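A.B. asks: Just to be clear, the model below is a prediction. Sequence and coordinates:
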Amino acid sequence: MTKIWNRHFETMPREQMRQVQGERLRDTVERIYYNVPYYREKMQQKGLGPEHINTIDDLKKLPFTTKQDLRDNYPYGLFAIPMTEIIRLHASSGTTGRPTVVGYSRHDIGVWSEVMARTLTAAGAGKDDFIQIAYGYGLFTGGLGLHYGGEKIGASVIPISGGNTKRQLQLMEDFGSTVLACTPSYAAYLAEAIEESGIQRENLKLKIGVFGAEPWTENMRREIEKKLKIKAIDIYGLSEIIGPGVSFECEHQCGLHINEDHFIPEIIDPETLEVLPEGELGELVFSTVTKEGLPLIRYRTRDLTRLNLETCACGRTLVRMNKCTGRSDDMLIIRGVNLFPSQIESVLLEMDETTPHYLLVVDRIDNLDTLELHVEVEDRFYSDKISELQALRMKIQHHVESTTGLSVTVKLVEPKTIERSEGKAKRVIDKRKLI
Amino acid sequence: MIIKQLSVFLENKSGRLHEVFEVLGQENINVSACSVADTSEFGILRMIVSDPEKAREVLKSKLFSVNVSEVISFATPNTPGALSKTLRILSDAGISIEYLYGFSVGDKSFIALRSDDVAKAIMELQRHEMELISASDLYKF
């Protein structure tokens, strides 16, 4: 029989699930109305009070929350409990210099562990497994999210974090890792590194991969599965909602089950903001209904996907979302890190030497994302000396890296060679073939 | 003496170098000396031309990034050890050289040299009676 971590919620009949969601939504709205002035004002503007939200059908009356709202209330303005109750902060890149900050109560860490336990169980992991967590630990939610889930299911967690490929391979062999958790592009990179290292596949115990934090294709999945001889499972999450654990694939690999007793999904038309019927492609929106620290109502993820309410072959009734097919904004995901072109722009505007005319070229070379920044330099800074120009390149590189957390190759280009346009300028060339 | 040198920033793209010379030719500007310093990403074309101000304007109007800097131009006999002797004068005076380019023909070698202290370098070369080339010799067309 399929292993399911929380059979009660994961296989709950739909009508009952709607009931649970309605109750939890009502409770959450009441909490934020009284504890978060920003939400109270937004609701009052629409003539709404907590008394208007009683069932799940009332969700659509509520105002949306965007990344901009998080920014306007930076860092803690949307938190719904006193800071004394917050036991953890994480952060991800925002649209400009400021990161998006999320806070967790002890209860929230419990919710996170629960949804990650479901995720890992659905992937086929259990207490006999050794989980090598090669997601980054730190402000990024990837590492610690997997960590809590792994501990919750009683597996042996190996918190190696990202990078240091040689060490990854050594521990994978010596510790007998059975589950690998990392970004899909790093998995593909590790697969090649294993081939080159001369490690015999039969000396590795690896059987499952839990991959997410960036978009990847079915082709990439097949390639990784073939090379690593594992089953590769897709997971989805975003720090604003909880981190990894928002949705997960089961062994049937046919869509990602959303932990909808915690995170209620909707699909909207990003233009009209109307809720779309089941099955239609649109922007994914989440309302968190069990979180205490940072409950978000109708948070616009900007990810484009569709929902499927059919019961899965695994027995779960949790609604499934397709792999996201794109974004309704210009955010890029590079090596699992979110990048908005506007972040680059603000770095360039801060420097005297550069103009805000730039072009980002994203590619995937040997399975790793590469980021190249073409930038025009202010005329007076085009030096006669190679050393000065090289130093300028390094300076831009350093500024971009420290702001975005991404390594970048800077290319200085001649003045006025980057295309100007009246409307939306073409700032990004993404050569990765993902969909 | 002090010679004005133009530096043009060029991306490594085929045809760019040719475009610079085409523009100068059309404007009747003569190039007396030139050199290209290259890196994997970009190059810098340095040249001495008959009318540096005009050259700068026309290149700018064609959206090239142009810099004017000062170099020293001098001649040495076209014999073994001659350049070494000149450079020795500069290094003894503690003057460092950023780059130079040159060419020999007949009994003379001509050198364009960029240093961190152009005025001092000229003084030293004059003191040792080296043959400096004046701007008027080069700019005249």
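C.D. replies: Great, that's in hand.
A.B. asks: A:K166: neighbour count?
C.D. replies: A:K166 has 9 neighbours, counted by other CB atoms under 10 Å in any protein chain shown. Quick note: C-beta positions are derived from backbone N, CA and C, even for glycine.
A.B. asks: wait, A:E151
C.D. replies: Applying other CB under 10 Å, we find 16 residues neighbouring A:E151.
A.B. asks: shouldn't it be in contact with A:V157?
C.D. replies: Yes - look at A:E151 against A:V157 with CB atoms under 8 Å: they come within range, at 5.7 Å.
A.B. asks: Now do the longest helix belonging to chain A: which elements does it pack against?
C.D. replies: Secondary structure of chain A per DSSP state H: the longest helix is helix A:14-35. Applying 3 or more CB pairs under 8 Å, 6 or more residues apart in numbering or on different chains; DSSP states H and E, one finds that helix A:14-35 contacts helix A:37-45, strand A:282-288.
A.B. asks: Would you convert those into CSV that also reports mean neighbour count?
C.D. replies: Formatted as CSV, the helices and strands packed on helix A:14-35 follow (neighbours: other CB atoms under 10 Å in any protein chain shown):
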stretch, mean neighbour count
helix A:37-45, 15
strand A:282-288, 24
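A.B. asks: For B:S109, find the nearest of the ones you listed.
C.D. replies: Smallest distance to B:S109 across the helices and strands packed on helix A:14-35 (CB to CB): 70.9 Å, for strand A:282-288.
A.B. asks: so whatever helix or strand comes next after that closest one versus strand A:282-288, what angle?
C.D. replies: As assigned by DSSP states H and E, the chain's next helix or strand after strand A:282-288 is strand A:299-305. Angle, strand A:299-305 to strand A:282-288, by axes from the mean of the first three to the mean of the last three CA atoms, to 10 degrees: 140 degrees.
A.B. asks: Please work out the average pLDDT along strand A:299-305.
C.D. replies: Throughout strand A:299-305, pLDDT has a mean value of 94.
A.B. asks: re the thing from before, next, the angle strand A:282-288 makes with the longest helix of chain A.
C.D. replies: 70 degrees.
A.B. asks: list the buried ones in helix A:14-35?
C.D. replies: Residues of helix A:14-35 classed as buried: A:17-18, A:21-22, A:24-26, A:28-29, A:31-33, A:35 (neighbour count, 16 or more other CB atoms under 10 Å in any protein chain shown).
A.B. asks: just stretch A:308-327 next, same as before
C.D. replies: A:C312, A:C314, A:R316, A:T317, A:L318, A:V319, A:R320, A:M321, A:N322, A:K323, A:C324, A:R327.
A.B. asks: contact partners of that stretch?
C.D. replies: Contact with stretch A:308-327 is made by A:2, A:4, A:9-14, A:17, A:122, A:215-216, A:218, A:234, A:236, A:247, A:250-252, A:254-260, A:265, A:278-279, A:281, A:284, A:302-307, A:435, as judged by CB atoms under 8 Å, 6 or more residues apart in numbering or on different chains.
A.B. asks: Report the distance from that stretch to the chain centre.
C.D. replies: Its chain's C-alpha centre lies 18 Å from the corresponding centre of stretch A:308-327 when counted by CA atoms, centre = their mean, to the nearest Å.
A.B. asks: what mean pLDDT does it have?
C.D. replies: Stretch A:308-327 comes out at a mean pLDDT of 92.
A.B. asks: next one: stretch A:257-273
C.D. replies: The average pLDDT within stretch A:257-273 is 97.
A.B. asks: What of stretch A:54-64?
C.D. replies: The model assigns stretch A:54-64 a mean pLDDT of 96.
A.B. asks: now do the same end-to-end measure for that stretch.
C.D. replies: 18 Å (CA to CA, to the nearest Å).
A.B. asks: neighbouring contacts of it?
C.D. replies: Outside stretch A:54-64, the residues that touch it by CB under 8 Å, 6+ apart are A:18, A:21-22, A:25-26, A:29, A:42-43, A:45-46, A:48, A:52-53, A:264, A:266, A:273, A:275, A:285, A:287, A:297-300.
A.B. asks: Just give me how far the longest helix of chain A sits from the chain centre.
C.D. replies: With CA atoms, centre = their mean as the basis, helix A:14-35 stands 24 Å off its chain's centre.
A.B. asks: and what of stretch A:406-425?
C.D. replies: Between the centre of stretch A:406-425 and the centre of its chain there are 27 Å (CA atoms, centre = their mean).
A.B. asks: ditto for stretch A:359-372
C.D. replies: That offset, for stretch A:359-372, works out to 19 Å (CA atoms, centre = their mean).
A.B. asks: Check whether it comes near chain B.
C.D. replies: No - applying CB under 8 Å from any CB of the partner chain, one finds stretch A:359-372 separated from chain B by no less than 10.5 Å.
A.B. asks: now, among the buried residues of helix A:14-35, which is nearest to B:R56?
C.D. replies: For the buried residues of helix A:14-35, the closest approach to B:R56 (CB to CB) belongs to A:I32, at 63.1 Å.
A.B. asks: contacting residues for the closest residue in space to that closest one that isn't next to it in sequence?
C.D. replies: Excluding the flanking residues, the one nearest A:I32 by CB to CB, 6 or more residues apart in numbering or on different chains is A:Y39, at 4.4 Å. Counting by CB under 8 Å, 6+ apart, A:Y39 touches A:I32, A:Y33, A:L78, A:I297.
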